[in-house]
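Participant: Provided below for reference: sequence and predicted model.
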Amino acid sequence: MSQQTLAAGLADLGLNLPAAAQQKLLAFRDLLLKWNKTYNLTALRDPAQAISHHLLDALAIVPYVADDPLLDVGSGGGLPGMPLAIVRPGLPVTLVDAVHKKATFLQQAAIELDLKNVAVHHARVEEMRGQYAQISSRAFAELGLFVSVTRHLLAPGGRWLAMKGVRPDDEIAALPAGIVAEDVIPLTVPGLNAERHLIILKAGS
């Protein structure tokens with residue numbers, strides 16, 4: 001049943017994935033739920049819900065993700081970074097989380113799923129170094145804080161990709177000086193009866 005649910009959801013999102021990628025997505029879901037029993041990575045326990053609320057939710061932003069190196073901040077259970085890495089094997093994805101047990105899970109998942117394009121860091125994002133053309137987050141922090149703690153990591157001309165539920169107009173209005181919302185995109189996630197938005201931010205010239 002999981003395979004059909006995932007395949008139908010991917011079709012609704014317009015994603016045509018090879019069978020191997022679909023199997024890897026389900027394998028990631030299984031790992032997440034297995035480790036969750038000990039590590040409390042997600043509030044979800046239901047395998048079917050995990051397809052819609054985690055896998056398809058993360059993959060709803062695929063059309064807005066470029067091929068340039070992506071940093072996923074506060075990655076936790078690996079969302080959205082891990083599903084993105086699975087469906088875009090040419091996309092360099094760096095996952096960072098300050099919680100050791102979550103970083104341990106991410107590292108193990110990358111090894112078990114043979115994701116050569118994934119790097120995992122156990123660190124506070126404020127202490128990270130490097131430059132990334134794309135910085136993503138899902139339920140990490142309000143927009144102003146997300147931008148403030150990652151600004152030193154955004155490459156010139158780069159974009160922040162913030163996944164949110166209800167359209168966060170108050171957070172957008174309170175963005176730090178020089179940061180602009182380039183786009184606010186409503187997302188439709190198959191099987192998820194809730195508002196979802198992608199906020200694309202950039203540093204103004």
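Facilitator: Happy to help now that I have it. Being a predicted model, the structure only gives us computed values, none of them experimental.

Participant: all helices of the protein, in order?
Facilitator: Per DSSP state H, the chain carries helices over the ranges 2-12, 19-39, 47-50, 57-59, 81-87, 100-112, 143-150, 169-173.

Participant: so which of those helices gets nearest residue 135?
Facilitator: Among the helices of the chain, helix 143-150 comes nearest to residue 135, with 5.1 Å by Cβ to Cβ. Every C-beta, even on glycine, is put in place using the N, C-alpha and C of the backbone.

Participant: and that closest one, what does it pack onto?
Facilitator: strand 70-73, strand 154-164, helix 169-173, strand 196-203 (3 or more Cβ pairs under 8 Å, 6 or more residues apart in numbering; DSSP states H and E).

Participant: export those to TSV and tack on mean pLDDT, distance to residue 143 and mean neighbour count?
Facilitator: Below are the helices and strands packed on helix 143-150 laid out as TSV (pLDDT from 0 to 100; distance: least, Cβ to Cβ, whole Å; neighbours: other Cβ atoms under 10 Å):
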stretch	mean pLDDT	distance to residue 143	mean neighbour count
strand 70-73	97	12	28
strand 154-164	97	6	19
helix 169-173	97	4	13
strand 196-203	97	6	19
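
Participant: and these: which comes nearest residue 11?
Facilitator: Proximity to residue 11 (Cβ to Cβ) singles out strand 196-203 among these, at 18.3 Å.

Participant: so what's residue 93 up against?
Facilitator: Residue 93 is in contact with 69-70, 72, 81-82, 84-85, 115, 117-119, counting by Cβ atoms under 8 Å, 6 or more residues apart in numbering.
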